[in-house]
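> Below are the sequence and a predicted model for it; my questions follow.
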Amino acid sequence: MKKKLYITRAIKITALLLIVVLFSLVLQSYVLVHYDGNRMRLDGYYLEEKNSLDVVFIGASDIYASFAPGLAYEKFGFTSYSYATASSTAGAAKTMLKEVMRTQNPQKIVIEVNAFLYGFDNDSRISSVRNYIDNVPLNENKIEYLQSGAIPEGEEEIEYYLPLIKYHSTWNDYPEPSGKYLSQIITQHLDGSTKLKGYRTQTAYCKTAPGYPCINNTLARNDKTLSLLPEYEAKLRDLLEYCKEQELDVLFIRTPHMVDKSTYGRFKRANAVGKIIREYGFDYVNFERDSNTLSYTESDYYNIDHLNFYGSAKFTEYLGSILTEKFGVKKSELSDKQKKNWDTAAEYYHKLYDYADKYTNTEYKETGHIQTLEENKTVMGYIDNYAEKGEIPKAKVTPTNPSEEPEI
């Protein structure tokens, strides 16, 4: 009798523990988390049907602000997604690549090289590390990354495995801003996919700072180099060795930027990166020295580091043509469900573009207000409302400072 009682109690205790664990997993996956565009973008990536993407872009804000997958699908027929987070680190690059290969089998992987160009230790920045790894599901790639010494000094290791500990106080962020993102992430999961496929842009025009003129007209034949920081060169070579060992079809690029004396060091490091990449037999396209992209003007950028929605439209079509014509990326064969998904992405890209164009030529032109356009419920509502009624809402000013520190 007692034995039966002990068994019953053990079952009840085990069931209670399982409920607590499951409830905690739900909380740390959807409620008590740090919500921002990085979270939404990576969550959307993992919603994509396995082996359904033809091209995956890896990198930082340089790439997700430069390439619009919905437009590329409409123009060229291939499917794509930016697996990217703001200020992503050199140490995360190989993990990002492994995660892409774990979930997709793309025709081409495109890696933007910004992570290796810093003149300071970006890999020890807590925000840069957490922007990415907090949003990766717990699996062997995440564990390998966390055990590689990637956790910044002074941070508690357990908080990276159990983000609930770090973000338990985000109860205070409800209903805004976290509530806005939570409702959008629920929408993403109900839909089974995102509409913008990781794309994010702004409506601003770049204004160069006094004393820092743009020098893009001098760059086409400028092959000057500056050595990478030793730890970044080591991580780049490690990534290249891995790509070679795995026989991966990878293209490395540097997206367009407005270069001035504060960022000239990064430009020279981008040249140095190209030489290292070619040593390993991989292709590298430097759009900071391309005559087509060097013709972009201030009206194509929202700051010196990022293309705006006008510039990204140009660059998407240009890079899309290179991927299809030079590198053989082919049009997808899609199921009816997949086609509907991507037709929606193309539709929403145009809704966003039309809305942003109207906003830029009214609100921004008149008041100097700037709007960030990314996948959240508020912005989706603005886009839909404009498409239906032509209404442009008043928006808060958004800063457009470059994401990197100047290197004078």
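Done, it's in. Numbers count the residues shown, from 1 in each chain.

> So for stretch 60-70, mean pLDDT?
Average pLDDT, stretch 60-70: 97.

> actually stretch 191-199, not the one I typed
Mean predicted confidence for stretch 191-199 is 93.

> List the buried residues in it.
In terms of neighbour count (16 or more other CB atoms under 10 Å), stretch 191-199 has its buried residues at 193-199. C-beta here means a position set from N, CA and C on the backbone, and glycine is covered the same way.

> Farthest-apart pair in these, please.
The two members of those with the most space between them (CB to CB) are Ser193 and Tyr199, at 13.4 Å.

> Let me have the buried residues of stretch 191-199 in a markdown table, extended by distance to Val379 and secondary structure.
Listed next are the buried residues of stretch 191-199 as a markdown table, based on distance: CB to CB, whole Å; DSSP: H, G, I helix; E, B strand; the rest coil:
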| residue | distance to Val379 | secondary structure |
| --- | --- | --- |
| Ser193 | 17 | coil |
| Thr194 | 12 | coil |
| Lys195 | 10 | coil |
| Leu196 | 9 | coil |
| Lys197 | 14 | coil |
| Gly198 | 14 | coil |
| Tyr199 | 11 | coil |
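
> Tell me the one of those nearest Glu279?
Gly198 (30.6 Å).

> Just name the shakiest helix or strand of the chain by mean pLDDT.
Lowest by mean pLDDT, DSSP states H and E among the helices and strands of the chain is helix 2-26, with a mean of 59.

> how about the strands in this protein?
Counting by DSSP state E, the chain has these strands, from start to end: 55-59, 80-84, 108-112, 201-202, 250-254, 283-286, 301-303, 306-307, 372-373.

> Now for Gly70: which residues touch it?
Contact analysis of Gly70 by CB atoms under 8 Å, 6 or more residues apart in numbering lists 195-197, 199, 342, 345-350.

> let's see 6 Å
Contact analysis of Gly70 by CB atoms under 6 Å, 6 or more residues apart in numbering lists 345-346, 349.

> Now do it against Asp290, distance only.
24 Å (CB to CB, to the nearest Å).

> before we move on, what about Tyr386?
Taken as CB to CB, the span from Tyr386 to Asp290 is 34 Å.

> can you check Lys50 too?
34 Å.

> Comparing those two, which shows the higher neighbour count?
Ranked by neighbour count (other CB atoms under 10 Å), Lys50 and Asp290 place Asp290 first, with 18 against 10.

> ok, now how distant is the nearest residue to Glu288 once chain neighbours are set aside from Val285?
Nearest residue to Glu288, sequence neighbours excluded (CB to CB, 6 or more residues apart in numbering): Arg254, at 5.4 Å. Separation of Arg254 from Val285 (CB to CB) stands at 8 Å.

> More neighbours: which of those two?
Arg254 (26 against 18).

> For the more buried one, list each beta-bridge partner.
Asn286 (DSSP bridges).

> any low-confidence regions in the stretch 101-250 of the chain?
Applying pLDDT under 70 to the stretch 101-250 of the chain flags residues 164-180.

> Please repeat the previous calculation with a cut-off of 90.
Across the stretch 101-250 of the chain, the ranges flagged by pLDDT under 90 are 154-192, 204, 207-211.

> can you give me the helices for it?
126-133, 140-146, 158-161, 163-166, 178-191, 230-246 (DSSP state H, counting those that start in this stretch).

> repeat for the stretch 301-408 of the chain
Under DSSP H, counting those that start in this stretch, the stretch 301-408 of the chain gives helices at 309-325, 336-359, 365-367, 377-389.

> Quickly list the domain ranges of this protein.
1-31, 34-389 (automatic domain parsing).

> highest average neighbour count across those?
domain 34-389 (a mean of 19; mean count of other CB atoms under 10 Å).

> and that domain, how far from the chain's centre?
3 Å (CA atoms, centre = their mean, to the nearest Å).

> Pull the residues that contact stretch 310-318.
Stretch 310-318 is contacted from outside by 66-68, 71-72, 75, 201, 292, 296, 300-301, 307, using CB under 6 Å, 6+ apart.

> okay if I get those residues as a markdown table plus distance to Pro393?
Formatted as a markdown table, the contacts of stretch 310-318 follow (distance: CB to CB, whole Å):
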| residue | distance to Pro393 |
| --- | --- |
| Ser66 | 26 |
| Phe67 | 27 |
| Ala68 | 22 |
| Leu71 | 24 |
| Ala72 | 28 |
| Lys75 | 30 |
| Thr201 | 17 |
| Asn292 | 35 |
| Tyr296 | 29 |
| Asp300 | 25 |
| Tyr301 | 24 |
| Leu307 | 24 |
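
> Quick check: helices, which of these are part of them?
71-72, 75, 292 (DSSP state H).

> So which of the residues you listed is the closest to Met96?
Ala72 (20.0 Å).

> what sits against the closest residue in space to the closest one that isn't next to it in sequence?
Among residues not flanking Ala72 along the chain, Gly320 sits closest, at 4.6 Å (CB to CB, 6+ apart). By CB under 6 Å, 6+ apart, the contact list for Gly320 reads 72, 75-76.

> In a markdown table: the residues you listed, plus distance to Ile277.
Shown next, in a markdown table, are the contacts of Gly320 (distance: CB to CB, whole Å):
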| residue | distance to Ile277 |
| --- | --- |
| Ala72 | 23 |
| Lys75 | 27 |
| Phe76 | 25 |
